[in-house]
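Q: Just to be clear, the model below is a prediction. Sequence and coordinates:
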Protein chains: 4
Amino acid sequence: MLNFRTDLALERRDLYRKANNIKDEIPGIETNEDEKDEIKITRVKITNDEGANAIGKPIGNYITIDIKNLKIASEDEIQKAAEALGEELKKLYDIHLNGKEDILVVGLGNMGVTPDALGPSVVQDIDITRHLLKYAPQYLEEGARPVSAIAPGVLGTTGIETQEILKGIVDNISPKLIIVIDSLASKSIERISSTIQIADTGIVPGAGVGNARKEISKYTLGIPVIALGIPTVVEAATIAADSIDLFIEKLQEEAKSNEYLNELKDKDKYELIKDVLIPNDYNFIVTPKEIDGLIENMSSVVARGINISL
Amino acid sequence: MLNFRTDLALERRDLYRKANNIKDEIPGIETNEDEKDEIKITRVKITNDEGANAIGKPIGNYITIDIKNLKIASEDEIQKAAEALGEELKKLYDIHLNGKEDILVVGLGNMGVTPDALGPSVVQDIDITRHLLKYAPQYLEEGARPVSAIAPGVLGTTGIETQEILKGIVDNISPKLIIVIDSLASKSIERISSTIQIADTGIVPGAGVGNARKEISKYTLGIPVIALGIPTVVEAATIAADSIDLFIEKLQEEAKSNEYLNELKDKDKYELIKDVLIPNDYNFIVTPKEIDGLIENMSSVVARGINISL
Amino acid sequence: MLNFRTDLALERRDLYRKANNIKDEIPGIETNEDEKDEIKITRVKITNDEGANAIGKPIGNYITIDIKNLKIASEDEIQKAAEALGEELKKLYDIHLNGKEDILVVGLGNMGVTPDALGPSVVQDIDITRHLLKYAPQYLEEGARPVSAIAPGVLGTTGIETQEILKGIVDNISPKLIIVIDSLASKSIERISSTIQIADTGIVPGAGVGNARKEISKYTLGIPVIALGIPTVVEAATIAADSIDLFIEKLQEEAKSNEYLNELKDKDKYELIKDVLIPNDYNFIVTPKEIDGLIENMSSVVARGINISL
Amino acid sequence: MLNFRTDLALERRDLYRKANNIKDEIPGIETNEDEKDEIKITRVKITNDEGANAIGKPIGNYITIDIKNLKIASEDEIQKAAEALGEELKKLYDIHLNGKEDILVVGLGNMGVTPDALGPSVVQDIDITRHLLKYAPQYLEEGARPVSAIAPGVLGTTGIETQEILKGIVDNISPKLIIVIDSLASKSIERISSTIQIADTGIVPGAGVGNARKEISKYTLGIPVIALGIPTVVEAATIAADSIDLFIEKLQEEAKSNEYLNELKDKDKYELIKDVLIPNDYNFIVTPKEIDGLIENMSSVVARGINISL
């Protein structure tokens, strides 16, 4: 398998096609795209094992929503992005649920670390109904869906694997579907807090930062898991590798031919750079200066999108 | 049973003795007191059913720690209070645990509501070791106790009973003892964020504010539960009832005898006042203006106290 | 002068009329009322010295906006309240400004003390334009009004009187009008975070909690000062006095006549109660348990209202 | 003048000596170094115009304190760093003040943007005395120094230049010295929240991020200004340029000679890279993922250090 170094099915598909000189679609993969109001939606569907093996992801649906300029988004743009997210979620409920069955929303991450606060922040704004259905149904519309939500913390602050916490809760309250919100490491600084990947195949928390925890999926919890992954940090090595590509292109434009540079450009520099940066204690994980505002806006998009879908 | 309207075993004992004109100790109850460095510790031990029935609390240990002036406490006073708490906790571990067995710390409450934020705030400062013992034991001293911690949120924001969440976690990670931190409604404004009650008989969250949730105790979870209860709010009716007592005393001093007032003074005015306040939409639950600072200092005391004990 | 114990011109007018058995309007005072969408607006205008002396307030406009149930306000209700506030502010600009002159918004209070955080919280959401007019006018509509804003902190955390800070800023940047937002002590628990008083006569910060600072007004700063005062705390003595009134009424209903109680009812019990509570170290200043949410909603109302008006 | 691209006098001195092949000290500059408890202190003193011109900084004192591993600092290490800072500050007071004269502490930055929150966060923990000397001197030791503090906000949220705000305050309360705390852009990711530069020549806020505001110095305010500058962010171009240097070294080691790379290595790549990154909208300003904890620890160091010095 290629070393994709990205969790986005969309990017993996593009890398695979490029590496294998495939002009059309990869067998076992279907793709379509929509664009409206500056919001771009790409849907990658892996339909069989051939597709799954090609890009190293389980059979299932992978939807990427790209929102431009969330940093300076207006109330109106946030609402539109939330509606787009809500629509995509509803389609996945139709696949995985029978009518208004129980949903548990799980916000992964750590409230005290700004770029890791997205999950807990979203949970605060979810419209919870499960307890009202039990104790005060008069406040709800007839036929409301039971919704509960939890922010279980991270292994470093609880000492407990998130999967262990969720397993216990699922056993006790028996939801029929889980929505997990998680911060991802991005492979590209432009995607930070402006891309949402929706996958109905679950998640391995921390996988993006080389610190993989136990899988949260239908396989481990027994019910479907829709994962919303949002990039919020990037490795210094990624910034450097991207920069060097841009840099070499510029040098070539000016210096014209240089065989060594040509060769250099075709190599995968990430691993080389990481080898260089790590012994120098330099491969920091970084986040944009404006991360507080980015997280706040994205949290609005995701919480509203989920509320719309419910 | 008397209507005690207080969760503190100490106050119940005093009320019962007064109501029944008992000069000595209540049968089935033992009490002792310490005072050092402005910190007063009262230990009430219920030893049999007679004692339990008298004050309406299960057989077990109830320790009250009173700290004066926590609002303006210095670093040094916070440390002393934490050490006093740590000592009392260690004695309870000796009763309920065999050596360095697993402990789970649970911070009840809601981070977004200042007077209810104590539990989650304490959890942030607990020294967690369970995951290190598993993944990085080299960072711990030999024989360290496995400690995990969680802030499970409240029913209103999760839709899930805390007991349901904890039951699942206990089943999955098998701790041998739980420490629960909870904010209580106080019967006295002076106790707010200056009294800690330690009980080794568990807790019914929300009981103090007439909003009782499912019990968290050895009976429901299968392992001993040490509850740390700290008053952080008070009902307006309580303030009014206390004020009226003080007020009538003052009137009597000045006006001398007045039969009606005498009679009034001996009655329980709380229920009368509550009857008056509720239809006027007036029985607010209130907290002192300085609650942010009070919670911060108490959170330091409790987190350090627990860390010392572990 | 009567001891009004309230900053609201509206309440003072009612107390004065009651005390002096005035059926019609007090000479030198004009009043009118509007009610729409659960929002009640009362405008008290003091037109001459006779009116000013009667209720102990300078000649000027005093507008009270009452919003019901802000605790559970919807987005829509917040918007309506903001619009009502915006309209009233615009009318005052018409009186005190010539067209689009410079405005400085000042948020008094302390971000770290929840019931005192309203002013600084509002300032964060004001649309600032003064620097854009200077450095980037292309981002503004033609003819935009220069708006600046500051949260100067409180004497206890800065060591500097707010008036001293503002005087320096006014001298250096020459605004033509100041809007000051301040938290007040309420005389009634129901008004907490649900009443806004707008006065075009300035403010004495801390006056409501017996801790008066230097006046912020046209008299001291040389330019008109519109003060937005919002009650966020209440004294325990106030709660007790109100409760006792309700309590005595109830006793009378049941016990029928009791001369002493009649007499008691007509007295001003606040001072009596305060005398009783203070030596018992009991006259806490308190705030509702839900103060975080109340402040958040009121902050939205005020920030949007000001933005609409600008 | 060299294009130093660093605000640290220490780094400028090293760059100048390298560029000019100076083995000894630059004329007009004196340097000395201390190291104790993992804390390294370097003092650069510019004594005349020749030194000032060489490194492009005014005549004065520039002290750099380097603290290793502040991310995981213990209470004890924070205290030691604070004491080192306190000592250096006291030496500067001896130069610029006569005894216990008034000091105003100014925390620049924006509380709502984590990497820019250092200044306001420090201000919250400064021991303020100015108002006590006036209103409650009994709480202070005899001869206490008047200390006040303010967090004036940033141009983007106030619409007012910080210098304009400070000028007004200085005119009104007449301090004899100002201490300014500011977040800097770093030229090196390792210095983030682990280096403090103390300069007694004032500051140009925002200079490090190409967004220079009006100077805050003795020249503009009329009293000495001690600036504490702490790096908290870094440009992507800086990360890339540093990475490329490390990368090329590695390539050379392996590929041995390559004339073009040699040449490349000696060039200043920062400007080249910036030229490449800017049109690609890629030159983000970033901060480490752990910035919340880093700011919290550094804030403790600086606040305690200042308090010790006062």
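A: Sure, I can see it.

Q: Leaving out sequence neighbours, find the closest residue to residue A:121.
A: Distance criterion Cβ to Cβ, 6 or more residues apart in numbering or on different chains; nearest residue to residue A:121, sequence neighbours excluded, is residue A:299 at 4.2 Å. (Each C-beta comes from the backbone N, C-alpha and C, glycine too.)

Q: so that neighbour makes contact with residue A:125?
A: Yes - using Cβ atoms under 8 Å, residue A:299 is in contact with residue A:125, at 7.0 Å.

Q: higher neighbour count, those two?
A: residue A:299 (24 against 16; other Cβ atoms under 10 Å in any protein chain shown).

Q: So which bits of the helix or strand in which the more buried one is found are buried?
A: Using DSSP states H and E, residue A:299 sits within helix A:291-309. Neighbour-count burial for helix A:291-309, counted by 16 or more other Cβ atoms under 10 Å in any protein chain shown, picks out A:291-306, A:308-309.

Q: my read is residue A:10 is in a helix, agree?
A: Yes - membership of residue A:10 in a helix is supported by DSSP: H, G, I helix; E, B strand; the rest coil.

Q: shouldn't it be in contact with residue A:43?
A: No - using Cβ under 8 Å, residue A:10 is not in contact with residue A:43; the gap is 9.1 Å.

Q: returning to that earlier point: average pLDDT across the helix holding residue A:299?
A: The pLDDT scores in helix A:291-309 average 76.

Q: Next: stretch A:136-143.
A: Per-region confidence: stretch A:136-143 scores 79 on mean pLDDT.

Q: can you check stretch A:4-22 too?
A: 85.

Q: contact partners of it?
A: A:2, A:23, A:26, A:29, A:31, A:42, A:44, A:46, A:54-57, A:62, A:64, A:184, A:187, A:195, A:197, A:199, A:207-208, A:229, A:270 (Cβ atoms under 8 Å, 6 or more residues apart in numbering or on different chains).

Q: Buried by neighbour count: which residues of that stretch qualify?
A: A:4-13, A:15-17.

Q: what distance separates the start and the end of it?
A: 17 Å (Cα to Cα, to the nearest Å).

Q: what do you get for stretch A:168-179?
A: 16 Å.

Q: And that stretch, how far out from the chain middle?
A: Put simply, stretch A:168-179 sits 21 Å off its chain's centre (Cα atoms, centre = their mean, to the nearest Å).

Q: just stretch A:146-158 next, same as before
A: With Cα atoms, centre = their mean, you get 17 Å for stretch A:146-158.

Q: same question, stretch A:109-127
A: For stretch A:109-127, the distance to the chain centre is 14 Å (Cα atoms, centre = their mean).

Q: That stretch spans what distance, first to last residue?
A: 20 Å.

Q: Does residue A:81 touch residue A:305 like I think?
A: Yes - in this structure, residue A:81 is within contact of residue A:305 by Cβ under 8 Å, at 7.3 Å.

Q: how near is the residue of chain A found nearest chain C to chain B?
A: With Cβ to the nearest Cβ, the shortest gap between chain A and chain C falls at residue A:75, namely 10.3 Å. Separation of residue A:75 from chain B (Cβ to the nearest Cβ, to the nearest Å): 22 Å.

Q: again, but for residue A:239
A: 28 Å.

Q: returning to what we had before: now tabulate the buried residues of stretch A:4-22 in JSON lines and tack on distance to residue C:167.
A: Formatted as JSON lines, those follow (distance: Cβ to Cβ, whole Å):
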{"residue": "A:4", "distance to residue C:167": "62"}
{"residue": "A:5", "distance to residue C:167": "59"}
{"residue": "A:6", "distance to residue C:167": "57"}
{"residue": "A:7", "distance to residue C:167": "57"}
{"residue": "A:8", "distance to residue C:167": "56"}
{"residue": "A:9", "distance to residue C:167": "61"}
{"residue": "A:10", "distance to residue C:167": "59"}
{"residue": "A:11", "distance to residue C:167": "58"}
{"residue": "A:12", "distance to residue C:167": "63"}
{"residue": "A:13", "distance to residue C:167": "64"}
{"residue": "A:15", "distance to residue C:167": "63"}
{"residue": "A:16", "distance to residue C:167": "68"}
{"residue": "A:17", "distance to residue C:167": "68"}
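
Q: what's the farthest-apart pair in those residues?
A: A:7 and A:17 (17.7 Å; Cβ to Cβ).

Q: Please enumerate the helices of chain A.
A: All helices of chain A, identified by DSSP state H, fall at A:9-19, A:49-55, A:75-96, A:118-124, A:130-135, A:155-158, A:162-173, A:218-221, A:236-255, A:259-266, A:269-277, A:291-309.

Q: Alpha carbons only: can I get the first one in CSV?
A: What that stands for is helix A:9-19. The C-alpha trace of helix A:9-19 is given here as CSV (Å, rounded to 0.1, in the frame of the first residue of the first chain):
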residue,chain,number,x,y,z
ALA,A,9,-10.5,9.2,1.6
LEU,A,10,-10.7,11.9,-1.0
GLU,A,11,-7.0,12.6,-0.9
ARG,A,12,-6.1,9.0,-0.9
ARG,A,13,-8.1,8.4,-4.0
ASP,A,14,-6.3,11.2,-5.8
LEU,A,15,-2.9,10.0,-4.7
TYR,A,16,-3.7,6.4,-5.7
ARG,A,17,-4.9,7.4,-9.2
LYS,A,18,-1.8,9.6,-9.7
ALA,A,19,0.7,6.9,-8.5
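
Q: quick one: that helix to chain centroid distance?
A: 17 Å.

Q: Quick check: residue A:179 touching residue A:107?
A: No - counting by Cβ under 8 Å, residue A:179 does not reach residue A:107; the two are 9.4 Å apart.

Q: who are the neighbours in contact with the residue positioned nearest the centre of chain A?
A: With distances taken as Cα atoms, centre = their mean, residue A:229 lies nearest the centre of chain A, 1.7 Å away. Residue A:229 makes contact with A:7, A:182, A:183, A:184, A:196, A:197, A:199, A:203, according to Cβ under 8 Å, 6+ apart.

Q: Separate out the buried members of the contacts of stretch A:4-22.
A: By neighbour count, with 16+ other Cβ under 10 Å, the contacts of stretch A:4-22 hold A:26, A:29, A:42, A:44, A:46, A:54-55, A:57, A:62, A:64, A:184, A:187, A:195, A:197, A:199, A:207-208, A:229, A:270 as buried.
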